[in-house]
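*Asks:* Here is my input, please return the structure:
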Amino acid sequence: MGQNYIHLWRQNKKFGFAEGIIITLMLAVLAKFIAGFPFLSIMGQLVIAILLGIAWRAILGVPSEAAPGINFSSKKLLRFGIILLGMRLNLLDIIHAGPKVLAIAVINIVFAIFVVYGLTKLFKVDQRLGILTACGTAICGAAAVVAIAPQIKASDDETAVGAATIAILGTVFTLAYTLLYPVLGLTAAGYGIFSGATLHEIAHVIAAAAPGGKEAVDLAVIIKLTRVALLVPVAIVIGVWVGRAERRNNTNTAKTSWRDIPIPWFILGFLLMSGVNTLGIIPAVVTDQLIVAAYLLIAMAMAALGLNVDIATFRRMGLKSFAAGFIGSVLLSGLGFGLVHWFGLA
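*Replies:* Sure, this is the predicted structure:
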């Protein structure tokens, strides 16, 4: 009787969508509870959420009917969470950050794309997967992978492996950053800039910067969103490059249109909420609750990313791209650490 009820529930698309949302919500809440323990608090709710998602898929599996709800959490809820997270920021802090932040973001993106893509060619990774891995490492993780994939006509497996590679890399480096924070010798501001300039997902940046406190998180988000904003010009350049290469090989290939490039409009929402916070329109008590909601939504997105990691497909296609991404991420971290010192922001 119970199994029939569950089967009927999953047959209904609306209920399947709800099931995906419920799973990510459960994992996000569980992650917050686990993060309350002394040692695990170093990892934080967001990193724990993605680890729980990976474990859930590996042990229990993910119902296909729940996929739409899980994808909604990983994409839409992430953006809603980032918009609400704007309530943490005062826009005057952005002005104080200065042009050095933009310079660091641009240098790191150019460096990471060329280095990681070069490594994937050296390791004989498929070109499309190599591009996805490079862009995910350089710009904004899985969001960049999903945004660039249509531009280069990547397959679903290539897109999934690219996103999984960046999700796992980001988690590994987030853990490493939180453990290394006490010995890096950076100020809270310097550590925030370092995290935002070198880590993969926005959620990874927030999780890694957390040990540095509010100042570190705020600056990390500012520089990370600067990198996210650069997704648009990078996507245009890659789209044009791939389009020209295809037209050289096939005269019937249609030209790439800038209208096909997904623009991260949620940045505008983030800045709008930051403006609201700067003006003090919303009472502090309400602001605090909105920030809690923001972290919950982002944790749901992290759990969803974990649920999308297929270990079998990753083993088959992603080991070489993971190696390239790992080496590239180590080099990017070294460059970012050097730039923070070079620009006098340490």
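
*Asks:* I'd like the mean pLDDT over the longest helix seen in the chain, please.
*Replies:* The residue-count maximum for a helix in the chain (DSSP state H) belongs to helix 156-184. For helix 156-184, the mean pLDDT works out to 85.

*Asks:* Sketch out the low-pLDDT regions of the stretch 201-346 of the chain for me.
*Replies:* 246-247, 249-265, 267 (pLDDT under 70).

*Asks:* Please work out which residues outside the helix or strand containing A18 touch it.
*Replies:* Here A18, judged by DSSP states H and E, is contained in helix 13-34. For helix 13-34, contacts defined as C-beta atoms under 8 Å, 6 or more residues apart in numbering pick out 9-10, 40, 45-46, 48-49, 52-53, 56, 62-63, 65-73, 77, 296, 299-304, 306-307. Placement of C-beta: from N, CA and C, glycine included.

*Asks:* if we can go back for a sec, buried sites along the longest helix of the chain?
*Replies:* 158-175, 177-178, 181 (16 or more other C-beta atoms under 10 Å).

*Asks:* quick one: it to chain centroid distance?
*Replies:* What separates the centre of helix 156-184 from the centre of its chain is 9 Å, taken as C-alpha atoms, centre = their mean, to the nearest Å.

*Asks:* Now the element after that helix, going C-ward?
*Replies:* For helix 156-184, the succeeding helix or strand toward the C-terminus, using DSSP H and E, is helix 188-198.

*Asks:* which helices and strands sit right next to the helix or strand following that following helix?
*Replies:* Per DSSP H and E, the first helix or strand lying C-terminal to helix 188-198 is helix 202-209. Counting contacts by 3 or more C-beta pairs under 8 Å, 6 or more residues apart in numbering; DSSP states H and E, helix 202-209 packs against helix 44-59, helix 78-85, helix 156-184, helix 188-198, helix 214-229, helix 284-307.

*Asks:* relative to helix 44-59, how tilted is the longest one?
*Replies:* Our comparison of helix 156-184 with helix 44-59, counting by axes from the mean of the first three to the mean of the last three C-alpha atoms, to 10 degrees, yields an angle of 140 degrees.

*Asks:* for the helices and strands packed on helix 202-209, which one sits closest to L102?
*Replies:* L102 lies closest to helix 214-229 among the helices and strands packed on helix 202-209, at 5.9 Å (C-beta to C-beta).

*Asks:* any idea how far that closest one is from the chain center?
*Replies:* Centroid displacement of helix 214-229 relative to its chain, using C-alpha atoms, centre = their mean, is 12 Å.

*Asks:* Then stretch 16-31?
*Replies:* On the basis of C-alpha atoms, centre = their mean, stretch 16-31 sits 19 Å off its chain's mean C-alpha point.

*Asks:* Check stretch 183-199 too.
*Replies:* In this view, stretch 183-199 has its centroid 17 Å away from the chain centroid, taken as C-alpha atoms, centre = their mean.

*Asks:* what's next to that stretch, contact-wise?
*Replies:* Contact with stretch 183-199 is made by 101, 104-105, 108, 170, 173-174, 177, 181, 205, 208-209, 211-213, 215-224, 226-227, 329, 332-333, 335-337, 339-340, 345-346, as judged by C-beta under 8 Å, 6+ apart.

*Asks:* what does stretch 113-133 give?
*Replies:* 134-135, 137-138, 145, 148-149, 152-155, 158-159, 161-162, 165-166, 234, 238, 242, 317-318, 320-321, 323-325, 327-329, 331-332.

*Asks:* can you tell me which of those residues are in helices?
*Replies:* By the criterion of DSSP H, membership of the contacts of stretch 113-133 in helices covers 134-135, 145, 148-149, 152, 158-159, 161-162, 165-166, 234, 238, 242, 317, 320-321, 323-325, 327-329, 331-332.

*Asks:* Grab the nearest non-local neighbour of the one residue sitting closest to the centre of the chain.
*Replies:* Centroid check for the chain by C-alpha atoms, centre = their mean gives E201 as the closest residue, at 2.0 Å. Closest residue in space to E201, ignoring its immediate chain neighbours: G141 at 3.6 Å, by C-beta to C-beta, 6 or more residues apart in numbering.

*Asks:* hmm, back to that, can you tell me which of the contacts of stretch 113-133 are classed as buried?
*Replies:* By neighbour count, with 16+ other C-beta under 10 Å, the contacts of stretch 113-133 hold 134-135, 137-138, 145, 148-149, 152, 154, 158-159, 161-162, 165-166, 234, 238, 242, 317-318, 320-321, 323-325, 328-329, 331-332 as buried.

*Asks:* centre of the chain versus stretch 299-311, how much separation?
*Replies:* Offset of stretch 299-311 from its chain centre (C-alpha atoms, centre = their mean): 11 Å.
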